[in-house]
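Asker: Sequence first, then the predicted structure:
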Amino acid sequence: MELNNKIFEILKDLVALDTTSRNSNLPVIEYIENYLDDYNIKTRRIWYEEGNKSNLHAIIGPPQKHGLALSAHTDVVPVDGQNWTSDPWILTQREDKLFGRGTADMKGFIAGTLAMIPTFKKANLERPLHLIFSPDEEIGCLGIIPLIEELIDSPNKPDYVIVGEPTSLQIVLSHKEHFTFRCSVTGIENHSSLAPEAVNAVEYASRLITKITEIARRKADTGPYDSEFHIPYTTLHTGLVRGGTAVNIVPKHANFEFEIRAIPLENSKEIVEEIRDFINNRLVPEMKSVYKNASIELDLISNTPGLDTSPTEMIVNEVKNLTTDIGPNAHGKVSYATEAGLFQKAGFPTVICGPGSIEQAHGPDEYITIAQLNLLEQFLSRINMYLQERSMQ
């Protein structure tokens, strides 16, 4: 299957830039800046971490008019410990698949968008196209917040936003709200032969993890439910646990991280209050009865708002017209979080629609198919015609 060579070459360049979230994203920002500069397109950095991580915003077409934004994050997840068949930082083609970290999530979308820049630039756009590139989406969608805050008060802001996360070019209208918490437990250590006289931080952490698991099972058993999600209920999950120094020492410290992914019907505040109530009224009093300085601290690391776009909103009909015969025509909902919820919360009508599948993202041998990149090219071509010929509502 043939692929536009320009898309291939740009994707090859992007994959070679290790923009794992723990690293700076400036190499890819500089690459995009230089690329757009070749077409006399002005860009603007909006810093997330001064000198280290930045957003990039560019406008093609008349900036004084409102238009459409295409948004993509530039960071990728780590490859640490993954068993890749080929080098994750070298774009490798095997049959109709292109392998490399970020190909699906979401450098394929960036490559396709950049390859269309000459076409967008030559067109007589009646409405502008906004290009948005952000950092640190993979660690809580935090990086884009400064850009959105600036857009809210800008006279040159888009009417609609399309976030190009991998959906196989299906229109996604909703995703779950996402919370990440870190819990730090402090007890008092002792020789393990005197364990009853100590406060075992690991054991109290495990009791709280058990409580979180009980809530998760209750949500699975009793809901609320939304059948349009693949997992149709709110989920809770503990992903990291640390504690202890030796088996014969009662551990003083333990910490763990857990997440909540809440469907729009859920009252997520009640879940958090239930967890805090169990900490403050059950666990901590027990701990302090042995050691007055014992404690449990629960800290919110990140909170990404859910997306809940109504099927009747204008943007849904417009994007459905643009994806006719390209992606699945029915709209969907996903369990993973994206920056789309932040855009919607700020007042921008938003949908998710991009090439590749989330099933191929984050794991070893991540790939995107040539067919998906070809369909992306068709989708972007229709956006180009749309911005030339139609006045957006």
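Answerer: Ah, there it is. Numbers count the residues shown, from 1 in each chain.

Asker: for the stretch 251-393 of the chain, which spans come out with low pLDDT?
Answerer: Residues of the stretch 251-393 of the chain meeting the criterion pLDDT under 70: 327, 329, 390-393.

Asker: ok, which stretches of it are strands?
Answerer: Assigned by DSSP state E, counting those that start in this stretch, the stretch 251-393 of the chain shows strands spanning 253-262, 295-304, 307-308, 332-334, 350-352, 367-369.

Asker: Mind checking those for the one nearest to Asp87?
Answerer: Comparison of the strands of the stretch 251-393 of the chain against Asp87 by C-beta to C-beta identifies strand 367-369 as nearest, at 13.4 Å. Heads up, the C-betas are built off the backbone N, CA and C, glycines and all.

Asker: That closest one: partners in the sheet, and parallel or antiparallel?
Answerer: strand 97-99 (antiparallel) (DSSP bridges).

Asker: if we can go back for a sec, would you mind finding the most buried of the strands of the stretch 251-393 of the chain?
Answerer: The highest average neighbour count among the strands of the stretch 251-393 of the chain, using mean count of other C-beta atoms under 10 Å, belongs to strand 350-352 at a mean of 27.

Asker: chain center to it, what's the gap?
Answerer: With C-alpha atoms, centre = their mean, to the nearest Å as the basis, strand 350-352 stands 13 Å off its chain's centre.

Asker: and it, what other elements does it pack with?
Answerer: In terms of contacts (3 or more C-beta pairs under 8 Å, 6 or more residues apart in numbering; DSSP states H and E), strand 350-352 is packed against strand 160-163, strand 172-175, helix 314-322, helix 340-345.

Asker: And those: which comes nearest Arg261?
Answerer: Per C-beta to C-beta, nearest to Arg261 of the helices and strands packed on strand 350-352: strand 172-175, 8.8 Å.

Asker: what's that closest one in contact with?
Answerer: 165, 228-229, 264, 306-311, 316, 331-338, 340-341, 351-353 (C-beta atoms under 8 Å, 6 or more residues apart in numbering).

Asker: re earlier: TSV please, covering the strands of the stretch 251-393 of the chain and showing distance to His130.
Answerer: Converted to TSV, those look like this (distance: least, C-beta to C-beta, whole Å):
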stretch	distance to His130
strand 253-262	29
strand 295-304	21
strand 307-308	19
strand 332-334	23
strand 350-352	12
strand 367-369	24
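
Asker: I only care about the contacts of strand 172-175 that end up buried; give me the PyMOL line for that.
Answerer: Remark: buried members of the contacts of strand 172-175, expressed as a PyMOL selection using 16 or more other C-beta atoms under 10 Å:
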select buried, resi 165+229+264+306+307+308+309+316+331+332+333+334+335+336+337+338+340+341+351+352+353
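
Asker: one step back: quick one: which of the strands of the stretch 251-393 of the chain is nearest Ala16?
Answerer: It's strand 367-369; of the strands of the stretch 251-393 of the chain, that one is closest to Ala16 (C-beta to C-beta) at 15.7 Å.
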